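Trainee: here is the input, now give the coordinates:
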Amino acid sequence: MKGLIAFVLIILFLICGVFGLVRYQESVEYQEYQENQKPLTSVDSDDDGFSDKFEEQMDSYDPNIQNDRYVVLFSRYDDPEHFTGMAEMETDSAYQFFTQKGNVPPENITILKEEEATAISLESAIHQIAEKSDENDIIYLNMQCHGYIIGRLFNGYQAIDEWLDEIEAKVVIVQIMACGSERALPVWKDGPCPRIVFVQSAGEFIGGLGTDSEYFITVDSDYGDNNGYVSVGEIGNWRNNVPRGWKDREYEPKEDGYWNGKSWIEKEGYSLMSDTSDVASEIYLTDYKVPS
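Mentor: Residues are numbered from 1 along each chain as shown. Purely as a prediction, here's the structure:
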């Protein structure tokens, strides 16, 4: 009898042990599963790279409406003596930001640098975007080059304006850094859909979006609403009121100079940002937040 009781107890012990081991494994697997899930702030119902948390806070965005973003990075100098590697540095830095922090799919970004940056390649890139984009999408064209290259490759700004006219989008943002680029404003400022144009604006634009945490924090806190995100309008406020290169150097204001941020452009009746549709404060290129 004692032997039978002992046998039963052993069987029960084994059953409990196996059951406990299964439950433990299930618990570990569940914990690992939970750890591998995206945090709630990263949920993106419409798969457009903007989190639901972000889009729910913004009146101009909807977590159930896909806002695709298309980016063209154009950089050409043809000046190896003074600008060696500049085009590659500019485009690569922006590409890394948009793909790694801005959640823009790599296939939505076109890089055109040095000999690849031609009138034909830019027209083709814009045309391809026009075939894909719709009224919910955000288009960003970044151009950095010498001023004479605009004349040599495009014979001015009119051709680029006509290509941009093909695009249907929520907004088209154009940012150009080139000597004399303020002359692009009267040509580019309006289009079939809202246009936001930045002139004489270089790496600070991307820096304000998030590649430079000091720029980002200043833009959001001192020239924005301090909500943790940087809108295109906030960058415009910052660029119109802060000298270019403010973090590294101090420049004496000059009546006709360009380092004080705005003077000679203002003489022509323009600011560094043109926003004739008055939408810049509602437009965000990314939902990136500088880690606290």
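Trainee: pLDDT on stretch 198-210, on average?
Mentor: For stretch 198-210, the mean pLDDT works out to 84.
Trainee: how distant is it from the center of its chain?
Mentor: What separates the centre of stretch 198-210 from the centre of its chain is 10 Å, taken as C-alpha atoms, centre = their mean, to the nearest Å.
Trainee: what's the span of that stretch, first residue to last?
Mentor: Between the opening and closing residues of stretch 198-210 there is a gap of 17 Å (C-alpha to C-alpha, to the nearest Å).
Trainee: give me the pLDDT for D287.
Mentor: 96.
Trainee: residues touching the closest residue to A130 other than its chain neighbours, list them.
Mentor: The shortest distance from A130 to any non-neighbouring residue, by C-beta to C-beta, 6 or more residues apart in numbering, is to E166 (3.9 Å). No exception for glycine: its C-beta is placed from N, CA and C like everyone else's. Applying C-beta atoms under 8 Å, 6 or more residues apart in numbering, we find E166 in contact with 126-127, 130.
Trainee: a strand runs through E166, doesn't it?
Mentor: No - counting by DSSP: H, G, I helix; E, B strand; the rest coil, E166 is not part of a strand but coil.
Trainee: most neighbours, which of the contacts of E166?
Mentor: Highest neighbour count within these, by other C-beta atoms under 10 Å: I126, with 22 neighbours.
Trainee: that's a helix at it, yeah?
Mentor: Yes - the assignment for I126 (three-state DSSP) places it in a helix.
Trainee: tell me the contacts of it?
Mentor: By C-beta under 8 Å, 6+ apart, I126 lies in contact with 72, 141, 160, 163-164, 166-167.
Trainee: list just the nearest of those to E234.
Mentor: L141 (19.7 Å; C-beta to C-beta).
Trainee: state the distance from that closest one to K53.
Mentor: 28 Å (C-beta to C-beta, to the nearest Å).
Trainee: these two: which is more packed in?
Mentor: Using other C-beta under 10 Å, the more surrounded residue of L141 and K53 is L141, with 25 against 15.
Trainee: just confirm that one is within a strand.
Mentor: Yes - under three-state DSSP, L141 sits within a strand.
Trainee: partners of it in the sheet?
Mentor: V72, V174 (DSSP bridges).
Trainee: in terms of pLDDT, where does it sit?
Mentor: 97.
Trainee: likewise for E266?
Mentor: 55.
Trainee: for stretch 101-119, which positions count as buried?
Mentor: Neighbour-count burial for stretch 101-119, counted by 16 or more other C-beta atoms under 10 Å, picks out 101-104, 108-114, 117.
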